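1. Predicted structure and sequence below. I'll ask about it afterward.
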Amino acid sequence: MSQKVIAVFTSGGDAPGMNAALRAITGVALTNKARVFAILHGYRGLVEGGENFRELHWKDVVGILHRGGTRIGSARCMEFKERAGQLRAAENLIKLEINNLVAIGGDGTLTGAHVFRSAWQSLVAELLETARITPEQAARFPHLNIVGLVGSIDNDICGFSMTIGCDTALHRIVDAVDALVTTAESHERTFIVEVMGRDCGYLALMSAIACSADWVFLPEDPARDGWENAMCTSLAKRDRRSLNYSLVILSEGATDEHRQPITSAQLKKLLEEKSGHDTRITCLGHVQRGGSPSAYDRILATRSGAEAALALLRAKEGEPLPARIIGVRWNKMVSLDLMESVQQTREVNRLLRALQFPQALSLRGKPFMEEIEIYRRLRRLRTEPCEAPMRIVVLHAGAPAAGMNGAVKTIVRYFVNGGHTVFGANDGFEGLALNKLVEMTWASVAGWTQMGGAVLGTKRARPSEIDRGVARIAATLEETRIDGLVIIGGFEAYSGLLELYHARKDHAALQIPMVCVPATISNNVPGTDVSLGCDTALNAIVEAVDCLVQSAGSSRSRVFLVETMGGYCGYLATLGALAGGADDVFTHEEGLSIDDLQADIVHLRTKLKTVPHAVLVRNEKCSEGYTTEFITSLLREEGRDAAANFSARSNILGHLQQGGAPSPCDRVRAARLCFAAARFLEVQIKATRVDGAVAANTKESASVVGIHGAQEISTPLADLEQQTDFVHRVPTEQWWLNMVHLVRLLENNTARTHDYKAECEEVSLEDSSALQSA
């Protein structure tokens, strides 16, 4: 069997994370003894050939993970759209024995790749007929295999929940808006912030949720006739009620229902003349494309690139590989038919032009429509009374995690908008036992989405660890006539709620619907793939690792050992290592031995001869004996050897991983998870209420709401109890363990075993439209 040869190119608008994808494709291909070429300058380089085809080796992808943009360039090429240009491109590939392509870009890039693949056989025949290739070459390359990765900040490709670059763009928007809010508050101003996205309103909608915007304009949900009065009236109602400023988010492709563009200048004039607001405009522009990729984009691009390379490597010689796009749905890697996805994306644009907005919105998918509903529910202040009002308590338990405040805000506004009453319990289960409840109002949670920490306060004590805790909690619930309980927190929240569930038989007041929303940087709560706070913590780790890599590179031949939090769960360490480009990661799940450390020293001695830095990441509980101090001392001692000649330092990140403003992902995730939790409670209370009293005894009425693969679902505590390692406070099965091997593979750490297994699942667009929350 001949050696596989893979080429990769980027085209269209650049997107943060493209370099991470290039690194992953190259690493997986080289590990599997394939050759890899980068095609410089996109389709232009593909047509021009020559020096635009550059073979890649391990050294070529060192130090590119954290870089924004695309290191191999991107350029559009009109010549490629013509037959002559495609013939030149095919000839260039065949002469370098390439018939496997990874195309990274948006719908234009992917459409061009599909057209090229479809014409391949006729192109080969014409090249043979004109003697530009030999019969042997024509026989060897009858097919062109193509895998696409979506690199686009717009997140406009149908079938995926997120595209490479989108999360980083949201970081740029949210950082800018958070900064603008301080000046808006100072001068009591209204700010209009215009964001990119073309005909897709994803960036605008997500930033509106993440920044608590007062109004948002989206292409898919156009402004209806009379919108001018509606907006001004709405802002007037909110004016000075809870905050002294207003925020309007405008998608660059926003229109009214007649497809007349809505501009920022138009909005400024309207607000100043009709509402008397001192109004300013900020157009963020291309700053949204720039800068170092976020942790999420690095991980997404790395996983996508690895899966793309594996798909091409698995292709059987002589058999055409169906053209697919690889991406993510929530937390699950999937591949879709390339043209089916692109055609549906273009159909959205056609429907918008045809003023068929509901149909266009439906093609964006159910999650997008749900997020519009979430935004409306969180910003709308409703004062109508409810016929059957509910009384809800919300509290935290465990360590603080970014997103907790936004989670409380979602619960409060969801139920207050329904005419219900919400109480916040200060200081977790202790506060609930002591009846430290305070009624929450619409205004009392204003601005909470953007705040780190836990305003209500959080403690680790479970009911069983409080004097007569269960009985006193039951007494509080009975005295205040509570119908439902929401606990937002980590393993303490989960295990504490489980204690209350088991105590139902002894306390009638505990026979109410209860729900746990996982919020912990450790990501160790059963019932969810990811928890609130994880993304913010990962970004903190990645920023720290980037700084350490820079320091190590300047000092030359230095190794940094970074310790992360997480308890006995290695999620933070593993995903932080993957996003930070570490050489190895030590977790409790895998264990650590002296042989492992010796293997890493062999790797470091080889690597540091050509690369000036290396990073190892250690989970805080990976080993009782092999501590951070011990490993650092070992590395220092081994580095003194003349043949090695490297130095070692350690950095324990500690509680900085719990602090800071929530990332955009955690802000939106808090809204989505708690919206699902609130609906869960609402349904359960209505189903179990008889003659005004709630009597919930089913196992389904006490659940964890979390993310599983491509869905948000609720799972009964009673079922999760069987899937829990209570000694180590982790689920018995964890989805991310495969990532440990990818960390080593991509740093060419052959001294440690790495057996990364493909995770991508082929799905259809119909599967995507069926996605829904529990």
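-> Yes, it's here. Numbers count the residues shown, from 1 in each chain.

2. quick one: contacts for the spatially most central residue of the chain?
-> Nearest residue to the geometric centre of the chain (Cα atoms, centre = their mean): Tyr296, 4.8 Å. Residues near Tyr296 by Cβ atoms under 8 Å, 6 or more residues apart in numbering: Met162, Asp167, Thr168, Asp535, Leu538, Ser663, Cys665. Any C-beta I mention is one placed from the backbone N, CA and C, and that applies to glycine too.

3. got a list of what the fifth one touches?
-> What that stands for is Leu538. Ala295, Tyr296, Ile299, Leu572, Leu575, Gly576, Ala579.

4. Nearest to Glu273 among those residues?
-> Tyr296 (41.3 Å; Cβ to Cβ).

5. Next secondary structure after the helix or strand hosting that closest one?
-> Assigned by DSSP states H and E, Tyr296 falls within helix 295-314. Using DSSP H and E, the helix or strand that follows helix 295-314 in sequence is strand 324-329.

6. Just the residues contacting that next one, thanks.
-> Under Cβ under 8 Å, 6+ apart, the answer for strand 324-329 is 110, 147-150, 157, 159-163, 300, 303-304, 307-308, 311, 333-338, 341-342, 709-710, 760, 762-763, 768, 771.

7. Could I have the buried ones of those as PyMOL selection syntax?
-> With 16 or more other Cβ atoms under 10 Å as the burial test, the buried ones among those are selected in PyMOL as follows:
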select buried, resi 110+147+148+149+150+157+159+160+161+162+163+300+303+304+307+308+311+333+334+335+336+337+338+341+342+710+760+763+768+771
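
8. Alpha carbons of the helix holding Tyr296, in PDB - could you do that?
-> Extracted C-alpha coordinates of helix 295-314, given in PDB (Å, rounded to 0.1, in the frame of the first residue of the first chain):
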ATOM      1  CA  ALA A 295      -9.700  27.500  25.100                       C
ATOM      2  CA  TYR A 296     -13.000  26.300  23.500                       C
ATOM      3  CA  ASP A 297     -11.800  27.100  20.000                       C
ATOM      4  CA  ARG A 298      -8.400  25.500  20.500                       C
ATOM      5  CA  ILE A 299     -10.100  22.300  21.800                       C
ATOM      6  CA  LEU A 300     -12.800  22.300  19.100                       C
ATOM      7  CA  ALA A 301     -10.200  22.900  16.300                       C
ATOM      8  CA  THR A 302      -7.900  20.300  17.700                       C
ATOM      9  CA  ARG A 303     -10.500  17.600  18.000                       C
ATOM     10  CA  SER A 304     -11.900  18.500  14.500                       C
ATOM     11  CA  GLY A 305      -8.500  18.400  12.900                       C
ATOM     12  CA  ALA A 306      -7.600  15.100  14.500                       C
ATOM     13  CA  GLU A 307     -10.900  13.500  13.300                       C
ATOM     14  CA  ALA A 308     -10.400  14.900   9.800                       C
ATOM     15  CA  ALA A 309      -7.000  13.400   9.500                       C
ATOM     16  CA  LEU A 310      -8.200  10.000  10.800                       C
ATOM     17  CA  ALA A 311     -11.100  10.000   8.400                       C
ATOM     18  CA  LEU A 312      -8.700  10.400   5.400                       C
ATOM     19  CA  LEU A 313      -6.300   7.900   6.800                       C
ATOM     20  CA  ARG A 314      -9.000   5.300   7.200                       C
END
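
9. Many thanks, we can stop here.
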